[in-house]
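J.: Sequence and predicted structure, then a few things I'm wondering about:
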Amino acid sequence: MRTRPTPRALLAAATAALAVGALTACGDDASDANAAPGKLNVVAAFYPLQFVAEKVGGDAVHVTNLAKPGAEPHDLELNADQVAQIVDAKVVVYLKGFQPAVDEAVEQQGGDRTFDVSTAVPLLDASAGHEHEGEEAGAEEEHEEAAGGKDPHVWLDPTRLATIGEKVAERLGQADPDRAADYTARAATFRSDLDTLDKEYAAGLKTCARREIVTSHSAFGYLADRYDLEQIGITGLTPEDEPSAQRLAEVATEAREHKATTIFFETLVSPKVAETIAGEVGAKTAVLDPIEGLQPGSSDDYFSVMRKNLAVLKPALGCT
Ligand SMILES: [Zn+2]
């Protein structure tokens, strides 16, 4: 129904808590992009892509993440140093449609050194995984506004991430042919580790009392697709979308209908909206992390956060 407001308008309209999340992206260091002699200089647009590049690149690569820890990456704005990092990189790994500022910089500066991971696996339509009975047409349209109608949160399906790892390995091998076989071998190990995780999820979520997850932004479409869950996103594909009063009421109704015991919120955005709905329907809140970025100083990685998410999902959904 509505058009997507500009980031500036969103910032002005956002709550203080949301604005803090979006603005912390400015804390930068000029980085040590050139301080790794002998290594392939790779720039990754946000954490999951950094993780893939490091897993597949091993000690042959030096990876710089454009999104800093603790910052919500959807809204990343690039400073001159970060644009310089893109210019200096041998390979830039990004996901077209996820971060408009990165898309723009890559288009202007990236040349043929870029790799768009959305070309590695077909992306789901923005509405996939959100459809559920009782949702009205207006809310569906709201979900489809971002990323050209595609849902960018592909890393939350481990099997799709494994395929991305293999394609990133190919791309690194093109940039660094002497070590191409090493990249391929590491991608195979990465796939095997992700397969283990996938099996844990499939087993853990096999028999559950409920399959609906009420999440703060609609980041879990691929997780829902892979493990047969149903995502009820309070907001759309970007966390800055402010839910309308009507949407809040719809979500509360659905949460009650499905007897949701837990309303999920995220690490990098304010829990306020989730708390409001939880209070209204008498549910708890818990963190379900979309792994868009890590907290500053965190010793977690993709695997450990995915396993924490599973440990939270199982009791929330009444899985046996
Ligand atoms: Zn997101």
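T.: Great, that's in hand. Since this is a predicted model, take the numbers as computed values, not measurements.
J.: and the gap between residue 212 and residue 317?
T.: Distance of residue 212 to residue 317, computed by Cβ to Cβ, to the nearest Å: 8 Å. For glycine as for every other residue, the C-beta is placed from the backbone atoms N, C-alpha and C.
J.: I meant residue 112, not that one.
T.: In this view, residue 112 and residue 317 are 45 Å apart by Cβ to Cβ.
J.: more neighbours, these two?
T.: Of the pair residue 112 and residue 317, residue 317 is the one with more neighbours under other Cβ atoms under 10 Å, namely 20 against 6.
J.: Could you tell me which residues make contact with that one?
T.: 205, 208, 209, 210, 211, 213, 229 (Cβ atoms under 8 Å, 6 or more residues apart in numbering).
J.: For the first one, grab phi and psi.
T.: When read as degrees, to the nearest 10, the backbone of residue 205 gives phi -110, psi 20.
J.: Quick check: it touching residue 313?
T.: Yes - contact status for residue 205 versus residue 313: in contact at 6.6 Å, counting by Cβ atoms under 8 Å.
J.: Need the overlap of contacts for those two.
T.: residue 319.
J.: Have a look at these two and say which one is more surrounded.
T.: Taking neighbours as other Cβ under 10 Å, residue 205 and residue 313 compare with residue 313 leading, 23 against 19.
J.: roughly how far out does the helix or strand containing that one sit from the chain middle?
T.: According to DSSP states H and E, residue 313 maps onto helix 302-316. Averaging C-alpha coordinates over helix 302-316 and over its chain gives two centres that are 15 Å apart (Cα atoms, centre = their mean, to the nearest Å).
J.: Can you give me the buried ones in it?
T.: 302, 305, 306, 309, 310, 312, 313, 316 (16 or more other Cβ atoms under 10 Å).
J.: Show me the common contact partners of residue 212 and residue 317, please.
T.: residue 229.
J.: mind listing what the nearest residue to residue 228 once chain neighbours are set aside touches?
T.: Using Cβ to Cβ, 6 or more residues apart in numbering and skipping residues adjacent in sequence, the residue nearest residue 228 is residue 211, 6.5 Å away. Taking Cβ under 8 Å, 6+ apart, we find residue 211 in contact with 228, 229, 230, 317.
J.: which one of the residues you listed sits closest to residue 261?
T.: The nearest member of these to residue 261, counting by Cβ to Cβ, is residue 317 at 8.4 Å.
J.: sorry, back to before: show only the entries of the contacts of residue 211 found in strands.
T.: Counting by DSSP state E, the contacts of residue 211 place residue 230 in strands.
J.: For the lengthiest helix in the chain, give the mean pLDDT please.
T.: Assignment by DSSP state H gives helix 180-204 as the longest helix of the chain. Helix 180-204 shows a mean pLDDT of 98.
J.: again, but for stretch 71-79
T.: Per-residue scores along stretch 71-79 average to 91.
J.: Check the gap between residue 176 and residue 236 for me.
T.: In terms of Cβ to Cβ, residue 176 sits 39 Å off from residue 236.
J.: give the contact list for residue 159.
T.: 194, 195, 198, 226.
J.: Now that the third one has come up, it's in contact with residue 158, right?
T.: Yes - proximity of residue 198 to residue 158 meets the contact threshold set by Cβ under 8 Å, at 4.5 Å.
J.: More neighbours: these two, which one.
T.: residue 158 (24 against 19).
J.: hmm, back to that, which residues are common contacts for residue 198 and residue 158?
T.: With Cβ under 8 Å, 6+ apart as the test, residue 198 and residue 158 both reach residue 226.
J.: now the strands: where do they sit in this protein?
T.: Under DSSP E, the chain gives strands at 40-44, 61-65, 91-94, 114-116, 212-217, 230-235, 262-265, 284-287.
J.: wait, which of the ones you listed is closest to residue 102?
T.: Relative to residue 102, the nearest member of those by Cβ to Cβ is strand 91-94, separated by 5.1 Å.
J.: Sounds good, over and out.
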